[in-house]
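Chemist: test case, fold it:
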Amino acid sequence: MTDDTRSETGNGTGRKGKGWGIVIAACVGLWLVQNGSADLTPPVPTAAEAFAAGPHQHTDAAAAPLPASAPVRIRIPEIGVDAPVMRLGLAPDGSLEVPPSGNSNIAGWYKYGTPPGAKGTAIVAGHVDNAEGPAVFYALGALKKGHRIEVTRRDGRTAVFTIDAIEVYANEDFPDRKVYGPADRAELRVITCGGAFDRKTGYQGNVVAYAHLIGVR
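Modeler: Here you go, the predicted model:
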């Protein structure tokens, strides 16, 4: 693959190791613990933003996949996200590494998987909050179908995605194959912590935005 970007499988995440049932390993919710208020919890996607029952229907035609190139920046205008993207590997227990918690405005791409814009399923993850307050994907659950995600790549191209669905899953019900499975077009998953919040153990699930490539700039 080009641009020093290597995926260990063709169209999926290139998973290796174990522990991928919970994408974000550190879902403590430090800001909520310190503030002690359930009123401060991040937005939760509504049922209307989930996939409809039956085969998935997409209103926007998919663009042709791009050659592989690592992402360098992600923008989600509807929720004010404009953040650099770092590379993430796997922790010793097999779970996905997370961006440094001290930086509230940084996202991470799973470097062993598909790059955004290339054929397959690309994974971008980030914190919902940190000790100082809301972090990069705090408002992810407020997105709607049809909203746009823009990923600037090292090759200078910007891959433009449209959101197909936003769903929230409890940790024990996380659908690995649905989220990480292979795709025959360029797809993107943006993931953060979410769901119910427990002051002792943190967030009890993950919010996942599903999107597919519709254009390139």
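Chemist: when you work out contacts or count neighbours from here on, use the C-alpha atoms and nothing else.
Modeler: OK.
Chemist: so which residue is dead centre in the chain?
Modeler: Val190 (1.6 Å; CA atoms, centre = their mean).
Chemist: quick one: strands adjacent to the one helix or strand that one maps to?
Modeler: According to DSSP states H and E, Val190 maps onto strand 186-198. Based on DSSP bridges, the pairing partners of strand 186-198 within the sheet are strand 120-125 (parallel), strand 202-216 (antiparallel).
Chemist: mind listing residues that contact the shortest one?
Modeler: Contacts of strand 120-125 with the rest of the structure, by CA atoms under 8 Å, 6 or more residues apart in numbering, involve 10-13, 24, 98, 107-110, 113-116, 180-192.
Chemist: at 6 Å what do you get?
Modeler: Here strand 120-125 makes contact (CA atoms under 6 Å, 6 or more residues apart in numbering) with 11-13, 107-110, 114-116, 182-183, 185-192.
Chemist: same question for it, mean pLDDT?
Modeler: In this model, strand 120-125 has a mean pLDDT of 96.
Chemist: just to revisit the earlier point, Pro92 is nearest to which of the strands paired with strand 186-198?
Modeler: strand 120-125 (18.0 Å; CA to CA).
Chemist: next helix or strand past the closest one?
Modeler: Using DSSP H and E, the helix or strand that follows strand 120-125 in sequence is strand 129-130.
Chemist: partners of that next one, with directions?
Modeler: strand 133-134 (antiparallel).
Chemist: following element in sequence after the partner strand, please.
Modeler: strand 148-153.
Chemist: other SSEs contacting that next one?
Modeler: strand 71-76, strand 158-170 (3 or more CA pairs under 6 Å, 6 or more residues apart in numbering; DSSP states H and E).
Chemist: who are the packing partners of the first one?
Modeler: Yep, that's strand 71-76 we're talking about. strand 81-88, strand 148-153.
Chemist: pull the distance from the shortest one to the chain's centre.
Modeler: Offset of strand 148-153 from its chain centre (CA atoms, centre = their mean, to the nearest Å): 12 Å.
Chemist: could you do stretch 172-180 as well?
Modeler: Relative to the chain's own centre, stretch 172-180 is displaced by 13 Å; criterion: CA atoms, centre = their mean.
Chemist: same question, stretch 112-119
Modeler: 13 Å.
Chemist: span of that stretch from start to end?
Modeler: 14 Å (CA to CA, to the nearest Å).
Chemist: and Gly194, what is it in contact with?
Modeler: Residues in contact with Gly194, defined by CA under 6 Å, 6+ apart, are 203, 205-207.
Chemist: give the buried residues for stretch 102-118.
Modeler: Applying a neighbour-count criterion of 16 or more other CA atoms under 10 Å, one finds 104-118 buried in stretch 102-118.
Chemist: next one: stretch 166-180
Modeler: 166-171, 174, 179-180.
Chemist: so where's this structure uncertain?
Modeler: 1-40, 53-59 (pLDDT under 70).
Chemist: how about a cut-off of 90?
Modeler: 1-42, 44, 46-48, 51-60, 90-98, 100-102, 129-133, 171-172, 176, 193-205 (pLDDT under 90).
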